[in-house]
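K.L.:
after the sequence you'll find the predicted model.
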Amino acid sequence: MKSSHAKNNYGLILQKLTEDLCILETTGILVVSNGSRKQFFGSVACVIADNLGSHEFVGFRKWFSNGSYADFVMAHYSDLQNI
């Protein structure tokens, strides 16, 4: 249920973002400054995200585990249960 809700929210956001990017790529934006007019165009070159965010975005598994709490924590889950 939560996954479906997240996908719907992404869809709403991405729809508007996609529309805006299409305008930026095809029409561009006009900037007027001190009587000078310049047309600027743009696009997305890359998207940067952490594992959890990018996996949720495309619908992949959102749980990562190699038996440790984090890459920099050397103790395993079972070790920390005994502390």
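P.N.:
Ah, there it is. Residues are numbered from 1 along each chain as shown.

K.L.:
am I right that Val47 is in a strand?
P.N.:
No. Judged by DSSP: H, G, I helix; E, B strand; the rest coil, Val47 forms no part of a strand; its state is coil.

K.L.:
just the helices in the protein please.
P.N.:
2-26, 51-58, 77-81 (DSSP state H).

K.L.:
of all the ones you listed, which lies closest to Asn34?
P.N.:
helix 2-26 (23.3 Å; CB to CB). Quick note: C-beta positions are derived from backbone N, CA and C, even for glycine.

K.L.:
and the closest one, average pLDDT?
P.N.:
Across helix 2-26, pLDDT averages out at 78.

K.L.:
what's the angle between that helix and helix 51-58?
P.N.:
Here helix 2-26 runs at an angle of 80 degrees relative to helix 51-58 (axes from the mean of the first three to the mean of the last three CA atoms, to 10 degrees).

K.L.:
now do helix 2-26: which elements does it pack against?
P.N.:
When contacts are defined as 3 or more CB pairs under 8 Å, 6 or more residues apart in numbering; DSSP states H and E, helix 2-26 packs onto helix 51-58.

K.L.:
now tabulate the helices of the chain in TSV and tack on distance to Phe41 and mean neighbour count.
P.N.:
Listed next are the helices of the chain as TSV, based on distance: least, CB to CB, whole Å; neighbours: other CB atoms under 10 Å:
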stretch	distance to Phe41	mean neighbour count
helix 2-26	6	11
helix 51-58	26	13
helix 77-81	51	10
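
K.L.:
pipe these into TSV and attach distance to Phe40 per row.
P.N.:
Output for the helices of the chain, formatted as TSV (distance: least, CB to CB, whole Å):
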stretch	distance to Phe40
helix 2-26	8
helix 51-58	28
helix 77-81	51
